[in-house]
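*Asks:* sequence and predicted structure are below.
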Amino acid sequence: MLIDYKNVNIYHDDVHILNDVVFHVDEGEFIYIIGKVGSGKSSLLKTIYCELDIESGCEKAEVLGRDLMKIKRKEIPALRKEMGIIFQDFQLLHDRTVEENLKFVLKSTGWKSKSDINARIDEVLDAVEMSEKKYSMPHELSGGEQQRIAIARAILNKPKIIIADEPTGNLDPDTANNIICLLKQISCTGTAIVMTTHNISMLNKYPGIVYCCKDGSLNDITKDYNKIDLAEE
Ligand SMILES: Nc1ncnc2c1ncn2[C@@H]1O[C@H](COP(=O)(O)OP(=O)(O)OP(=O)(O)O)[C@@H](O)[C@H]1O
């Protein structure tokens, strides 16, 4: 199991955000986290990549074999290296080309060989169908293209999990559709995708496991998500 949370409590300072969270992720799973604004979706994701601490006393909080209640600060970069993280606002470096954005990540995660670096960059750009934009600057790309590059960056180190916080939040419906389709294809290669979204129409189009944050709880609603009024979420 890649993520194993049992009765995890999530706080911001003293404010309780989610109670008794039970959350599991296995290889290749495609997981949506839905819920209203402020319901705790991003907070849950932040615990997974250790931006938000999990306090001791929970039953189990494991990500990629690490116990998040015991993990040390210095161990966090190695854990993050094993996951890809994608944000709504892409977060590319705007002072350099697409190729240099990708090279920067590879070099800072220990890649040394120039030929390996170049080959991996070509592979990921091909995977997201952006080979032609290798030498473009981020500002020369559309929002959807920038998100594709952010996905290329996230898969550089062949992560076991991709965490995506509203990856289609800034995109028009067609472009959003393409991005979810791309993430779905990536999940078919064995990488688990955990994604927050307000884009409920995708849930039918690209089925997956659906969790909902509501009233301080996280519930697996996969079996009945189309029976509840998702227009509210
Ligand atoms: N850094 C912070 N410090 C204190 N409280 C925070 C912090 N970040 C978020 N919160 C609070 O935690 C709650 C959950 O926020 P979170 O961002 O997880 O919600 P969300 O479901 O992701 O919302 P959205 O759909 O708007 O992204 C909100 O009440 C928010 O105000």
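*Replies:* Received the coordinates, thanks.

*Asks:* so who does the residue most central in space within the chain touch?
*Replies:* Residue closest to the average C-alpha location in the chain (CA atoms, centre = their mean): Ile163, at 1.5 Å. Residues near Ile163 by CB atoms under 8 Å, 6 or more residues apart in numbering: 45, 48-49, 83-86, 194-195. No exception for glycine: its C-beta is placed from N, CA and C like everyone else's.

*Asks:* and the strands in this protein, which stretches?
*Replies:* Counting by DSSP state E, the chain has strands at residues 3-12, 15-25, 30-35, 60-63, 66-67, 83-87, 161-165, 192-196, 209-214, 217-220.

*Asks:* out of those, which comes closest to Asn118?
*Replies:* Shortest distance between Asn118 and the strands of the chain, using CB to CB, is found for strand 83-87: 20.0 Å.

*Asks:* just checking, what packs against the closest one?
*Replies:* Secondary-structure packing of strand 83-87 (3 or more CB pairs under 8 Å, 6 or more residues apart in numbering; DSSP states H and E): helix 143-155, strand 161-165.

*Asks:* redo these as CSV? Include mean pLDDT.
*Replies:* Formatted as CSV, those follow (pLDDT from 0 to 100):
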stretch, mean pLDDT
helix 143-155, 95
strand 161-165, 96
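
*Asks:* what does the helix or strand bottoming out on mean pLDDT in the chain contact?
*Replies:* Lowest on mean pLDDT, DSSP states H and E among the helices and strands of the chain sits helix 201-205, with a mean of 90. The contact list for helix 201-205 (CB under 8 Å, 6+ apart) reads 32, 34, 168, 173, 176-177, 180, 210, 225-226, 230.

*Asks:* one more time with 6 Å, if that's ok
*Replies:* Ile180 (CB atoms under 6 Å, 6 or more residues apart in numbering).

*Asks:* show me what counts as buried in that helix.
*Replies:* Neighbour counts over helix 201-205 (16 or more other CB atoms under 10 Å) mark 202-203 as buried.

*Asks:* can I get that helix as PDB, trimmed to CA atoms?
*Replies:* Taking C-alpha atoms only, helix 201-205 is exported to PDB below (Å, rounded to 0.1, in the frame of the first residue of the first chain):
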ATOM      1  CA  SER A 201     -18.300  16.200 -14.600                       C
ATOM      2  CA  MET A 202     -15.000  14.300 -14.800                       C
ATOM      3  CA  LEU A 203     -16.100  11.700 -12.300                       C
ATOM      4  CA  ASN A 204     -18.400  10.000 -14.800                       C
ATOM      5  CA  LYS A 205     -16.100  10.500 -17.700                       C
END
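
*Asks:* below-threshold pLDDT in this protein: ranges please.
*Replies:* 226-233 (pLDDT under 70).

*Asks:* quick one: name the residues of this protein near the ligand.
*Replies:* Residues of the chain lying near the ligand by CB under 6 Å from any ligand atom: 12-13, 15, 17, 35, 37-43, 213.

*Asks:* if any of those residues are buried, put those into a PyMOL selection.
*Replies:* The following PyMOL line selects those of these that are buried, judged by 16+ other CB under 10 Å:
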select buried, resi 17+35+39+40+41+42+43+213
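
*Asks:* nearest to Phe90, of the residues of the chain next to the ligand?
*Replies:* Ser42 (16.0 Å).

*Asks:* now the nearest residue to that closest one once chain neighbours are set aside: how far from Ala150?
*Replies:* Distances taken as CB to CB, 6 or more residues apart in numbering place Asp165 nearest to Ser42, at 5.5 Å, with adjacent residues excluded. Per CB to CB, to the nearest Å, Asp165 is found 11 Å from Ala150.
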